[in-house]
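Student: give me the fold of what follows.
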Amino acid sequence: MISPNICTNILWAAWLLIWVLAASFTARTVIRQPLASRLAHGLWLWVGAALLFFVDTRRSGRPLNIPLLPPHSWMAWTGVGLVLAGLGHTVWARIHLGRMWSGTVTLKEEHALVRSGPYALTRHPIYTGLILALVGTVLVRDTLGALAGFALCLVGVILKIRQEERLLLGHFGDAYRGYQAEVPAVVPGLRF
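Tutor: Predicted structure coming up:
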């Protein structure tokens, strides 16, 4: 029988493949963030991802491998469900954004402010989905290292959101301010 860990790995690998393939179908970039800005959020994300995905959870007794919760298979399978839902949400948002998507903070040629579909629920639905998938991954991994990895990834996401918000405010001005006032950044129903 397939384990929740293997299922989670397959989901993330499939998502990564989709993400890489979809990157070739974007509009020409006209403004790109400097390398220092990419590193400001990217380092947090990469170190967090390393803790979430590459710490060997089979070796007990190490501080990063301390379990968070008593073992329950339903908890791990709930985590798989959250990973699936979260990654599905990111794909929906990515498809809806179309050629305006970029893995870095950029403005594309003829960049438009998208406010429909998942962008009517949150301003950054890709991050909404990623955070949900990361929470699911923590439930599956069930280690202190996974929780620390999630926390680092969350810092990276928050930093990137702030960078994107500055760029979009500078480009769209009052139209983006209105969007900020009406739609939460990441969590529907909350200011964040």
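Student: Cys7 sits in which helix or strand?
Tutor: Cys7 is part of helix 4-22, with elements assigned from DSSP states H and E.
Student: and stretch 43-62, how far out from the chain middle?
Tutor: Once both centres are worked out by Cα atoms, centre = their mean, to the nearest Å, stretch 43-62 turns out to sit 17 Å from its chain's centre.
Student: please identify the buried residues of that stretch?
Tutor: By neighbour count on 16 or more other Cβ atoms under 10 Å, the buried set for stretch 43-62 is 44-45, 47-49, 51-52, 55, 57. Every residue, glycine included, has its C-beta placed from N, CA and C.
Student: looking at these, spot the one nearest Ala112.
Tutor: Ala112 lies nearest to Leu45 out of the buried residues of stretch 43-62, by Cβ to Cβ, at 26.6 Å.
Student: can you give me the distance of the closest one to Trp15?
Tutor: Remark: distance between Leu45 and Trp15 (Cβ to Cβ, to the nearest Å) = 15 Å.
Student: so which of the buried residues of stretch 43-62 are in helices?
Tutor: The helices, defined by DSSP state H, take in 44-45, 47-49, 51-52 from the buried residues of stretch 43-62.
Student: for the residue nearest the centre of the chain, what are its contacts?
Tutor: Centroid-nearest residue in the chain, with Cα atoms, centre = their mean: Leu130, separated by 2.8 Å. By Cβ atoms under 8 Å, 6 or more residues apart in numbering, Leu130 lies in contact with 86, 90, 153, 157.
Student: just to revisit the earlier point, so which of the buried residues of stretch 43-62 is the closest to His111?
Tutor: Of all the buried residues of stretch 43-62, His111 sits closest to Leu45, with 23.5 Å by Cβ to Cβ.
Student: could you check how many residues crowd around Val20?
Tutor: 10 (other Cβ atoms under 10 Å).
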